[in-house]
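Visitor: take a look and give me a structure for this.
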Amino acid sequence: MILSKQEKNLGQDREQDKEQEKLPLDNGNDFSTAESDKFYMDIAINQAEQAAKQGEVPVGAVIVYEDPSSQEKQIIAQAYNLRETKHDPCAHAEVIAMQRAAQALGYWRLHECILYVTLEPCIMCAGAIINARVKHIVYGCDDPKAGAVRSIYNILSDERLNHRTSFIAGLEAKRCAKLLKDFFRARRLENKQKSKRQKQNTYQVLKKNSLISIPNDEL
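Guide: Here you go, the predicted structure:
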């Protein structure tokens, strides 16, 4: 049976969809062992935990340089989100880590580096990864609302660009996702309590001035 070009492409698309469903996903070479990946991801998670303590969205990143001659690896940069602290919309963990890595190496091309990050990079960070020529990334949980590696966009593997970065997705995904869920759950509770206090304060002020009469059970 001879398949048309369209049928062949459809079959290939289906096979690719099946591969995308697997976790972790590796769309490139195996640059590091699973054991070392976990070690570096643990450090990235630790960075994310530090972010949460400062009231920042808990995302952490680590960059590892792999010497092309000896194949030895060393951490050259660590970072976590600092958008709130720096009042900087670009202060994502990945961007800060890449800036620090470039400073450590003395040049901006990070083609011998592996980036570990707890959350799937957004469009901005994925673009920066391409521009920095990062060799490989490993990330924790997917970001279905803003992920630009595979959730919404596939920037790292877009063949129209002049560089492609291989990636592994889903390493320690549950731990990374739990950090984010716990953080936002606590923030919602805090905002709810703050709103309640504001309503109570307003009620007390108005009651004191005898301006209104509001039943307590409505607060």
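Visitor: what about Asp158, how many residues nearby?
Guide: Counted by other Cβ atoms under 10 Å, the residues lying close to Asp158 total 13. Yep, even glycine has a C-beta here, placed from its N, CA and C like the rest.
Visitor: tell me the contacts of it?
Guide: Shown in contact with Asp158 (Cβ atoms under 8 Å, 6 or more residues apart in numbering): Arg164.
Visitor: would you mind measuring from it to Thr165?
Guide: 10 Å (Cβ to Cβ, to the nearest Å).
Visitor: is it true that Glu72 touches Glu112?
Guide: No. Contact criterion Cβ atoms under 8 Å: Glu72 and Glu112 do not qualify, at 11.2 Å.
Visitor: which neighbours do these two share?
Guide: Joint contacts of Glu72 and Glu112 (Cβ under 8 Å, 6+ apart) are Glu66.
Visitor: of those two, give the one with the bigger neighbour count.
Guide: Glu112 (16 against 8).
Visitor: where along the chain do the strands fall?
Guide: 25-26, 60-66, 73-80, 113-119, 136-141, 166-169 (DSSP state E).
Visitor: would you turn these into TSV with distance to Ala101 and mean neighbour count?
Guide: As requested, the strands of the chain are exported to TSV (distance: least, Cβ to Cβ, whole Å; neighbours: other Cβ atoms under 10 Å):
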stretch	distance to Ala101	mean neighbour count
strand 25-26	22	16
strand 60-66	4	25
strand 73-80	4	20
strand 113-119	6	29
strand 136-141	13	27
strand 166-169	17	22
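Visitor: right, and the ones you listed - which one's nearest Ala104?
Guide: strand 73-80 (4.3 Å; Cβ to Cβ).
Visitor: how far off centre is the closest one?
Guide: Centroid separation for strand 73-80 versus its chain: 16 Å, with Cα atoms, centre = their mean, to the nearest Å.
Visitor: so which elements touch that strand?
Guide: Packing partners of strand 73-80 (3 or more Cβ pairs under 8 Å, 6 or more residues apart in numbering; DSSP states H and E): helix 34-53, strand 60-66, helix 93-105.
Visitor: and the contacts of that strand?
Guide: 32, 36, 40, 43-44, 47-48, 50-51, 56, 58-67, 93-94, 96-98, 100-101, 104-105, 113-114.
Visitor: that older thread, could I get the strands of the chain as JSON lines with mean pLDDT and distance to Lys181?
Guide: Listed next are the strands of the chain as JSON lines, based on pLDDT from 0 to 100; distance: least, Cβ to Cβ, whole Å:
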{"stretch": "strand 25-26", "mean pLDDT": "47", "distance to Lys181": "22"}
{"stretch": "strand 60-66", "mean pLDDT": "97", "distance to Lys181": "16"}
{"stretch": "strand 73-80", "mean pLDDT": "97", "distance to Lys181": "17"}
{"stretch": "strand 113-119", "mean pLDDT": "98", "distance to Lys181": "12"}
{"stretch": "strand 136-141", "mean pLDDT": "97", "distance to Lys181": "10"}
{"stretch": "strand 166-169", "mean pLDDT": "96", "distance to Lys181": "18"}
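Visitor: Arg175: which of the ones you listed is closest?
Guide: Within those, the stretch nearest Arg175 is strand 136-141; the backing value is 7.1 Å (Cβ to Cβ).
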